[in-house]
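Asks: Give me a model of this one.
(one chain, ligands or ions: 1)
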Amino acid sequence: MVEFVKDGATGMEKVLLREPGGAMAQIHLYGGHVTSWKNEKGNELIFLSSKAIFKPPKAIRGGIPVCFPQFGGFGALEQHGFARNRMWSVDTNPPAPPSSAGTGPNKPYIDLVLKPAEEELKIWPHNFELYQRIMLGFSGELSSIIRVRNVDTKPFTFTFALHTYLSVSDISEVRIEGLETLDYLDNLQDRERFTEQGDAITFDSEVDRIYLGTPAKIAIIDHEKKRTFVLKKEGLPDAVVWNPWEKKAKVMVDFGDDEYKHMLCVEAAAVEKAITLKPGEEWKARQEISAVPSSYFSGQLDPCKVLNG
Ligand SMILES: O=P(O)(O)OC[C@H]1O[C@@H](O)[C@H](O)[C@@H](O)[C@@H]1O
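Replies: Predicted coordinates for the structure are as follows:
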């Protein structure tokens, strides 16, 4: 159910979680990074670029990178912080999981931890502990439970995101529900603030937005696949929506020219209001993604079923 393997091609250490119903997840210790998530039929649900580079200091392109202690390029650190390009450890003695963690005998999970070494303390001089429990549920749903602890003598402040790359059939056939009418910061316009006007979000060009104060549940509907991803989150008020589209795809060395058609990043995040922890304090967050068949009503998707079901 939980297997430790070495990747033949890259030599990197991976953990495989297998749920009795057939769902599986693959996690690289490099980045504490989910790199595959398959449903019970063996269909891949997560996008991983065919050009992903599995070599430090590059973060793996695709999967679920962990952005910590800085989201994006707004701050003194490298883009998206350093957690995504550090080697995490398997945590054999994790802190007691939050009661909502919902572990059970048939729910495979792995506990990972990242603690700073000298190299990290040089660039971010704060003693932290970053814990991640990655778990598969009975219906193949994928959860990440995050904890950050301040084990320093001074407060520190950070931003955070789970940078999930979803696999989609064709980006122009996808829409997001749950973000309508919300304010967002547009990364393509110096983070200027706008209000979303449309009914649901669809895609026909590059998008890079930080939606603010988002609901606990967001639906990503793939019309062609008749599949809906339901992303549930706690402690992560913002949601970043990103697709590089054609032009930017061409300049990314670790991304195929046409791959933008088959991915969409929806990133549960805490960006607008940074989190400050005093010594001894802990911050918790959680994300759960499930993939369910889309339900149709009079030829339309029934958002009530998706968002309230
Ligand atoms: O290329 P990176 O560092 O993985 O970042 C990818 C994208 O990540 C998104 O979260 C950002 O909003 C984008 O601005 C960025 O381009």
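Asks: Alongside the ligand, which residues does the stretch 101-250 of the chain contribute?
Replies: Residues of the stretch 101-250 of the chain lying close to the ligand (C-beta under 6 Å from any ligand atom) are 163, 187, 208, 240, 242. Using the backbone N, CA and C atoms, a C-beta is placed for each residue, glycine as well.
Asks: nearest to residue 177, of these?
Replies: residue 240 (16.5 Å; C-beta to C-beta).
Asks: Tell me how far the closest one lies from residue 214.
Replies: Taking C-beta to C-beta, to the nearest Å as the measure, residue 240 falls 10 Å from residue 214.
Asks: For the stretch 151-300 of the chain, which segments count as strands?
Replies: Assigned by DSSP state E, counting those that start in this stretch, the stretch 151-300 of the chain shows strands spanning 156-162, 165-167, 174-177, 183-186, 192-195, 201-202, 207-211, 217-222, 227-234, 238-243, 263-277, 282-293, 296-297, 300-301.
Asks: Residues contacting the fourth one, please?
Replies: Spelled out, it's strand 183-186. 191-196, 208-213, 272 (C-beta atoms under 8 Å, 6 or more residues apart in numbering).
Asks: one step back: any idea which of the strands of the stretch 151-300 of the chain scores lowest on pLDDT?
Replies: The weakest mean pLDDT among those belongs to strand 296-297, with a mean of 42.
Asks: In terms of secondary structure, what does the helix or strand in which residue 111 is found contact?
Replies: Using DSSP states H and E, residue 111 sits within strand 109-114. When contacts are defined as 3 or more C-beta pairs under 8 Å, 6 or more residues apart in numbering; DSSP states H and E, strand 109-114 packs onto strand 13-18, strand 89-90, strand 128-136.
Asks: Quick check: mean pLDDT of the helix or strand just after the longest one?
Replies: It stands for strand 128-136. Sequence order places strand 142-150 as the next helix or strand after strand 128-136, per DSSP H and E. Strand 142-150 shows a mean pLDDT of 98.
Asks: thinking again about what came up before, between the strand holding residue 111 and strand 128-136, how big is the angle?
Replies: Strand 109-114 runs at 160 degrees relative to strand 128-136, counting by axes from the mean of the first three to the mean of the last three C-alpha atoms, to 10 degrees.
Asks: so what's the closest residue to the ligand within the stretch 51-200 of the chain up against?
Replies: Nearest to the ligand in the stretch 51-200 of the chain, going by C-beta to the nearest ligand atom, is residue 79, at a distance of 4.3 Å. The contact partners of residue 79, by C-beta under 8 Å, 6+ apart, come to 72-73.
Asks: so how far is residue 17 from it?
Replies: 29 Å.
Asks: same deal with residue 174?
Replies: For residue 174, the distance to residue 17 - C-beta to C-beta - is 27 Å.
Asks: same deal with residue 109?
Replies: Counting by C-beta to C-beta, the gap from residue 109 to residue 17 is 7 Å.
Asks: where do the contact lists of the two overlap?
Replies: Counting by C-beta under 8 Å, 6+ apart, the residues touching both residue 109 and residue 17 are 2, 134-136.
Asks: and residue 89, how many residues sit next to it?
Replies: By other C-beta atoms under 10 Å, the residues close to residue 89 number 12.
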